[in-house]
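1. structure here, sequence nowhere to be found:
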């Protein structure tokens, strides 16, 4: 009897109820802190994780912020150790991989829904700017997606030569670019427009099509193609090379 008591803890009944709710209905009706609590509990056998889950949300502001947090930052939260951090980081990476697999070999120009879901999840909530390239074959099917540049993006920090090398290495016929704005404001800066034009011209010279450049925010996106900027760049290229 004493052994049985020693194996229990204050939050065991609550944890069991959380797991049963998940097994019955998935995450429907779960608060964000309860989802995080469930993740923490996977690597915490004898401890109530509710308070740690709430501390994580308080520190990183949103559920997405918790998933994007680095290993060191996660471990600074009371009750969160290396094993818990591994679980949180792993679930984010597994989700990224799952969504990436969904877009491989698909025509994301004609059917962009899965691509938008992938980009929103992978870069939409990052705290630093990242610049991604989605490389396509001649039928606009995804070959691979890569983060090409990280950090504040300016015309001097995005290198057309490296983009072209990556495109050629993947035998890409076309490309889609995407980058995030951590502020959430998806309106392009002057630098964003200059970078896109510069890349459009560089790719055009080697016979690679730039279909799109999207700016992803935490609640929306901006499409260079939908706003007519890609068509405008193409017209300028043709006039320059007449």
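-> Okay, I see it. The structure presented is a predicted model; accordingly, all values stated were derived computationally and were not measured. Residues are numbered from 1 along each chain as shown.
2. per-residue pLDDT, the closest residue in space to residue 173 that isn't next to it in sequence?
-> In this structure, residue 173 finds its nearest non-sequential neighbour in residue 138, 4.2 Å apart by C-beta to C-beta, 6 or more residues apart in numbering. Every C-beta, even on glycine, is put in place using the N, C-alpha and C of the backbone. Residue 138 is assigned 94 on the pLDDT scale.
3. where does residue 138 fall, phi/psi-wise?
-> Main-chain torsions, residue 138, degrees, to the nearest 10: phi -70, psi -20.
4. how close does it sit to residue 172?
-> 9 Å (C-beta to C-beta, to the nearest Å).
5. okay, the two: which has more neighbours?
-> residue 172 (22 against 10; other C-beta atoms under 10 Å).
6. so that one makes contact with residue 135?
-> Yes. Contact criterion C-beta atoms under 8 Å: residue 172 and residue 135 qualify, at 3.8 Å.
7. find the residues that touch each one of those two.
-> Residues touching both residue 172 and residue 135 by C-beta atoms under 8 Å, 6 or more residues apart in numbering: residue 143.
8. following the chain onward from the helix or strand of the chain with the lowest mean pLDDT, which element is next?
-> Least confident helix or strand of the chain, by mean pLDDT, DSSP states H and E, is helix 2-6 with a mean of 44. Under the assignment DSSP states H and E, the closest C-terminal helix or strand after helix 2-6 is helix 12-25.
9. what's whichever helix or strand comes after that following helix packed up against?
-> Next helix or strand after helix 12-25 toward the C-terminus (DSSP H and E): helix 32-42. In terms of contacts (3 or more C-beta pairs under 8 Å, 6 or more residues apart in numbering; DSSP states H and E), helix 32-42 is packed against helix 12-25, helix 50-60, helix 63-68, helix 82-103.
10. can you list the domain ranges for this protein.
-> Listed by automatic domain parsing, the domain ranges of the chain are 2-97, 107-240.
11. correct me if wrong: the residue nearest to residue 173 contacts residue 207.
-> No. Using C-beta under 8 Å, residue 138 is not in contact with residue 207; the gap is 10.9 Å.
12. any idea how far apart the tips of stretch 213-221 sit?
-> End-to-end distance of stretch 213-221 (C-alpha to C-alpha, to the nearest Å): 10 Å.
13. can you point out the buried residues in it?
-> Across stretch 213-221, burial judged by 16 or more other C-beta atoms under 10 Å covers 213-218, 221.
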